[in-house]
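J.: Here is a sequence with its predicted model. Questions after.
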Amino acid sequence: MSKKRIAVVMVMGMVVISGLGMGGWMYHEQLQMTGVAWAMDWSPAMDCSGCHSGQVASQKDKKLLSNVHAEKGVTCLDCHEKNAMETQHKAALAGAPVTKLKMDKKTCFNCHIAKNKHANYEDVAKLTADFGEHFNPHDAHVGRLECRACHHMHKESQNKCSECHTGRTWPWKRVP
Ligand code: HEC
Ligand code: HEC
Ligand code: HEC
Ligand code: HEC
Ligand code: HEC
């Protein structure tokens, strides 16, 4: 049994236990054995907190960007596209190895374009022009990094620049 397989079985074990413990949880009824791993249907209507309590809790944490979005009514599935989620969960819950999430900057632009705000990298760079020509985090010598290299949702953001320029700090005051 691979480590990932074991982890999935453990996740599913926890689901079964909490499912038996809480009246509202009917998921265990949908569970069925397929070989060594549990398989179940996933639906976008499910309560995400059953399996992703950390990410759901992040919506209330003012130190996290997830909170900024939740306060404006942005839901989990606004960022994590429904159809992709369906495919991924079917595979994950059947015990397949899970690829680590790598959210493309297109997803970020998608939404911010609709709002006609920071529509592309040039526009984003304008927002932080006050950092100065060479120190603008959105327009520096490292090129156009994926947004998630610095801005995280469910954990504290990090500044990639400081990884190499250890003696320097960049302000991080306006957004979490
Ligand atoms: C029955 C448990 C269960 C429920 C309910 C559930 N998920 Fe998941 N989810 C998983 C498992 C298992 C994985 C794969 C392991 C991991 O990445 O944690 C996963 C992975 C993910 C990932 C990461 C995918 C990747 O590429 O790394 C996202 C995003 C996600 N779920 C979103 C959601 C959202 C949004 C909901 C609510 C609509 C939800 N999940 C409900 C079990 C669940
Ligand atoms: C504004 C966009 C956005 C929203 C809203 C959002 N996420 Fe995420 N999510 C991300 C990004 C970006 C990542 C990649 C990891 C990172 O950089 O924090 C991620 C990663 C994840 C992962 C993979 C594990 C991890 O933490 O890296 C899971 C599971 C997940 N999200 C579930 C959820 C659930 C459940 C909700 C609703 C409570 C939600 N997300 C809301 C953008 C979002
Ligand atoms: C479904 C729409 C949606 C998606 C997708 C989305 N955002 Fe946002 N984002 C918002 C909204 C709404 C706000 C609240 C601020 C506002 O009203 O402009 C916001 C605020 C922010 C802020 C705080 C600064 C500000 O303008 O207030 C940052 C930083 C941010 N988003 C980065 C990201 C990144 C990085 C991603 C991709 C991982 C992303 N967003 C994906 C809708 C979205
Ligand atoms: C090299 C790290 C890094 C990358 C990559 C990055 N950002 Fe930023 N971003 C920052 C820093 C640093 C700030 C300023 C934080 C502060 O002052 O609180 C910021 C601020 C912002 C703001 C708020 C600007 C304001 O003050 O109104 C938005 C919106 C934003 N980023 C969006 C994005 C988007 C969208 C992407 C991807 C296209 C992205 N960022 C990529 C580091 C980064
Ligand atoms: C992979 C490592 C790495 C990362 C990440 C990185 N730099 Fe650099 N940077 C360097 C190196 C190496 C030099 C050239 C040697 C020097 O002058 O320190 C340099 C030089 C610079 C210079 C000109 C010299 C100086 O110190 O005034 C500026 C400005 C700068 N980087 C800004 C940034 C900003 C802003 C970021 C984040 C968006 C960033 N760097 C991220 C490695 C990095």
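T.: Happy to help now that I have it. Ligands and ions are numbered 1, 2, ... in the order given.
J.: Run through the residues of the chain sitting next to ligand 2.
T.: By Cβ under 6 Å from any ligand atom, the part of the chain that sits against ligand 2 consists of 48, 52, 55-56, 59, 66, 69, 74, 76, 78-80, 101, 103, 148, 152-155. For every residue, glycine as well, the C-beta is placed using N, CA and C.
J.: what residues go with each domain of this protein?
T.: With automatic domain parsing serving as the domain definition, the record reports that the chain contains domains spanning 3-93, 105-164.
J.: Please report how far residue 49 lies from residue 129.
T.: Using Cβ to Cβ, to the nearest Å, residue 49 is found at 40 Å from residue 129.
J.: Which among the residues of the chain next to ligand 2 count as buried?
T.: If you count burial by 16 or more other Cβ atoms under 10 Å, the buried members of the residues of the chain next to ligand 2 come out as 55-56, 59, 66, 69, 76, 80, 148, 152-153.
J.: Dump the residues you listed to a markdown table, plus secondary structure and distance to residue 110.
T.: Listed next are these as a markdown table, based on DSSP: H, G, I helix; E, B strand; the rest coil; distance: Cβ to Cβ, whole Å:
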| residue | secondary structure | distance to residue 110 |
| --- | --- | --- |
| 55 | helix | 20 |
| 56 | helix | 22 |
| 59 | helix | 20 |
| 66 | helix | 17 |
| 69 | helix | 13 |
| 76 | helix | 15 |
| 80 | coil | 12 |
| 148 | helix | 14 |
| 152 | coil | 18 |
| 153 | coil | 15 |
